[in-house]
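Participant: fold the following, please.
(one chain, ligands or ions: 1)
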Amino acid sequence: MSNLPLDRLVPGHIRLFEPYYPSPPDQELMRLYRLDHLHRLNNNENALGPPSAVREMIQAIQAGAIPVYPNGDSRDLRHALAKRFDKTSGQFLIGNGSCELISSVVKAFCEGGDNIITADKTFAVYEWVSEFSGLEARLVPLKEYGFDPDAMLAARDERTKIIFVCNPNNPTGTYWDRETLVRFLDIVGGEQIVVLDEAYFEYVAQADYPDGMQLLEAYPNLIVFRTFSKMYALAALRVGLLCASEELVDIVRRTHVAYSVNTLGQQAAVEALRDDGEFIAKTRAMVVRGKQRLSALFSAMGFEYLAGEGNYMMVKTPISDTLLHRKLLRQGLMVRTMTGFRFPNWIRISLVQEPIMEEFCTAFQSVFQKS
Ligand SMILES: *Cc1c(COP(=O)(O)O)cnc(C)c1O
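Facilitator: Next up, the predicted model:
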């Protein structure tokens, strides 16, 4: 114990905040569990790896680029995005993953006494950033596993600054269709900032799934998040983006760390956008097959499961999620425990290549056959 006066130095909301501990590196887990392989099905990554144009670009990167600071505002990437989405480059802000952008948006709009609204069972970073920033996060219960628009609207007061909507929702895979989203935005009427997190946008093939980017002109309080971590398989390079009106981007930019996005990430993201049609189709087909395979298994075993949008599924089993996690890990498969997402005894599984899905099914069944 040091003699630091932490009671005085550390604000109460930080003292109460529980840090998030990421899972240990693969090598360490493989040593601990004596594994010769480990399949990560816990982070919704695209196991196919990045498009080939990205691989080539990474191999060709010049050592001379490394000592030089990256482009401080990701100019080339913003231009590529503007062209792709028919916007201006000033409508984009690039972050070190969209997680960094969540932080920048909260800093830009909230001060002491303000609150944000989101769901109780969704991507936890909205809640965490708000709480360690000393703000109240109002967590509205899901309704039939989906975001509940009316309850979220009712939770607002004059200090509500931001509403975070995860569409489709991680981890339940539910989504608001266009009509639900538009009605919600109409009622909000610009009183709050609405962040629409479309981290899994490229995975959704439903005809009534709304494209947030196309709503920006009609709703100047809307901010759309996308990421290169999920479909584009660039998670290690940390590139996320927000798109909004130039007016809102100018505000958020003030709280955003310049130079936070590295050169490799910026260039890889530009490459990833080139000719991505076939790559997306291939990835979606893999996910559809995984969803069918796991759905069949879980129904045959009589377990409750959710197979919505996104490259992941959830299942509830009669044993604790931490125990199940450990039993699967012993067989080289890492899933996500869901107690931390307020779904006790559920796990979430990323959907990947067929042979790995088969391996998962065998391991999962073996856990429940033993007793
Ligand atoms: C994975 C994920 C993100 C964040 O990804 P970054 O890697 O920080 O870009 C954001 N939102 C949701 C819902 C996610 O699942």
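
Participant: Three-state assignment for Met313, please.
Facilitator: Put simply, Met313 is strand when judged by DSSP: H, G, I helix; E, B strand; the rest coil.

Participant: for the residue of the chain found nearest the ligand, give me its contacts.
Facilitator: The ligand sits closest to Gly97 of the chain, with a gap of 2.6 Å, by CB to the nearest ligand atom. The C-beta positions use only the backbone N, C-alpha and C, and glycine is treated the same way. Residues near Gly97 by CB atoms under 8 Å, 6 or more residues apart in numbering: Thr227, Ser229, Arg238, Val239, Gly240.

Participant: now for the fourth one, how many residues are close by?
Facilitator: Val239: 29 surrounding residues under other CB atoms under 10 Å.

Participant: repeat that for Phe85.
Facilitator: Phe85 has 19 neighbours, counted by other CB under 10 Å.

Participant: how about the contacts made by the spatially closest residue to it that is not a sequence neighbour?
Facilitator: Nearest non-adjacent residue to Phe85, counting by CB to CB, 6 or more residues apart in numbering: Met213, 5.3 Å away. Applying CB under 8 Å, 6+ apart to Met213 gives the contacts Phe85, Lys87, Val224, Cys243.

Participant: dump the residues you listed into CSV; add distance to the ligand, pLDDT and secondary structure as well.
Facilitator: Compiled in CSV, these are given as follows (distance: CB to the nearest ligand atom, whole Å; pLDDT from 0 to 100; DSSP: H, G, I helix; E, B strand; the rest coil):
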residue, distance to the ligand, pLDDT, secondary structure
Phe85, 17, 98, helix
Lys87, 19, 98, coil
Val224, 12, 98, strand
Cys243, 14, 98, strand
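
Participant: now Val106, nearest residue through space, not along the chain?
Facilitator: Counting by CB to CB, 6+ apart, Val129 is the residue found nearest to Val106 once chain neighbours are left out, at 5.1 Å.

Participant: check which helix or strand the one you found maps to.
Facilitator: Assessed by DSSP states H and E, Val129 sits inside helix 125-132.

Participant: right, and Val182 touches Asp211 too?
Facilitator: No. Assessed by CB atoms under 8 Å, Val182 is found out of contact with Asp211, at 11.8 Å.

Participant: Pro210: neighbour count?
Facilitator: Count around Pro210 with other CB under 10 Å applied: 22.

Participant: now Phe298
Facilitator: With other CB under 10 Å as criterion, Phe298 counts 22.

Participant: mark out where each domain of this protein begins and ends.
Facilitator: Domain assignment for the chain, taken from automatic domain parsing, gives 6-49+277-370, 52-272.

Participant: starting at the chain centroid, how far to the shortest one?
Facilitator: Chain-centre distance of domain 6-49+277-370: 15 Å, with CA atoms, centre = their mean, to the nearest Å.

Participant: and for the last one?
Facilitator: Its chain's C-alpha centre and that of domain 52-272 lie 9 Å apart, by CA atoms, centre = their mean.

Participant: now do the end-to-end distance for it.
Facilitator: One end of domain 52-272 sits 9 Å from the other (CA to CA, to the nearest Å).

Participant: rewinding a little: the contacts of Gly97: which ones sit near the ligand?
Facilitator: Contacts with the ligand are made by Thr227, Ser229, Gly240 out of these, judged by CB under 6 Å from any ligand atom.

Participant: now, of those, which are buried?
Facilitator: Thr227, Ser229, Gly240 (16 or more other CB atoms under 10 Å).

Participant: from the residues you listed, which land in strands?
Facilitator: The strands, defined by DSSP state E, take in Thr227, Gly240 from these.

Participant: how about the nearest residue to Thr322, chain neighbours excluded?
Facilitator: Thr337 (5.6 Å).

Participant: give me the neighbour count for the nearest residue to Val204 once chain neighbours are set aside.
Facilitator: Counting by CB to CB, 6+ apart, Glu309 is the residue found nearest to Val204 once chain neighbours are left out, at 4.7 Å. Look at Glu309: counted by other CB under 10 Å, it has 22 neighbours.

Participant: much appreciated, bye for now.
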